[in-house]
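> Sequence unavailable; structure follows:
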């Protein structure tokens, strides 16, 4: 019998409120008031179409930007499986209200995977001078910011010259919309199953490989039918396609706010001022336009 591919027991105990050291489930982040200024043309970027997954579900469209700078092996796996139409028709078989929506199992119950080898853990990544990191908060010992749409924290770059590869270690934050690789007890057992976050859950950080983030359709993620397991009929992915593979007439035109732009820096400052000590990187608004 295959080992179920689930999230960690500690996380589930935190949600259920049972077991030693259980904690209450985290609430969604408080959102500051919407920004008044509109981004200028120079404040936008166009994501690499090879790094965008278009997931059409029975509830609507979800668009995920993959971030190979953080999880190169798993983003390759997601791209390869999408191109094989592996995900088409698979259900969201395990969905927890204040947590995440899990899918990617050909058996639609948590025990299946693709025939490809498992992917080793990518809980941490290496940030170098070439990494497109944009600083949001400098906490002296930790630099928190964004790589594209993904919120991350790393060691300060001042340490880079002291390391063998001239880089520092970092990890992703599990904010709403972040996409993670599901796995079994073995840290290196990620395969085809993945999950999309419905809320903030920092207990997953450095324990599960984060490989991207929902940039469009987060409301669809939160509308997916809840259950553990989800009762029939389960919501499902109709098709999962790499943006660059879609015919031009079908391909959505996407632009995302550029974290290196002036608007985004002002948005970070506005959110920090509005929330004060309660501010987290998950509170930063990341506008996207899809046509």
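That came through, no problem. These numbers come from a predicted model, not from an experiment.

> Tell me the confidence at the most centrally placed residue in the chain?
Nearest to the mean C-alpha position of the chain, counting by C-alpha atoms, centre = their mean, stands residue 178 at 2.0 Å. Looking at residue 178, its pLDDT stands at 98.

> If it is in a bridge, with which residues?
Counting by DSSP bridges, residue 178 is bridged to residue 213.

> residue contacts, it?
By C-beta atoms under 8 Å, 6 or more residues apart in numbering, the residues touching residue 178 are 150-151, 172, 196-197, 210, 212-214. Placement of C-beta: from N, CA and C, glycine included.

> Turn these into JSON lines, columns for neighbour count.
Formatted as JSON lines, these follow (neighbours: other C-beta atoms under 10 Å):
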{"residue": "150", "neighbour count": "26"}
{"residue": "151", "neighbour count": "24"}
{"residue": "172", "neighbour count": "29"}
{"residue": "196", "neighbour count": "27"}
{"residue": "197", "neighbour count": "24"}
{"residue": "210", "neighbour count": "28"}
{"residue": "212", "neighbour count": "28"}
{"residue": "213", "neighbour count": "28"}
{"residue": "214", "neighbour count": "23"}
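
> what's the closest of these to residue 135?
residue 151 (11.8 Å; C-beta to C-beta).

> so that closest one sits in a helix?
No. Under DSSP: H, G, I helix; E, B strand; the rest coil, residue 151 sits outside any helix and is assigned strand.

> Which residues does it form beta bridges with?
Taking DSSP bridges as the rule, residue 151 bridges to residue 146.

> so it makes contact with residue 281?
Yes. Counting by C-beta atoms under 8 Å, residue 151 touches residue 281, with 4.2 Å between them.

> Which neighbours do those two have in common?
In contact with both residue 151 and residue 281: 136, 144-145, 173, 175, using C-beta under 8 Å, 6+ apart.
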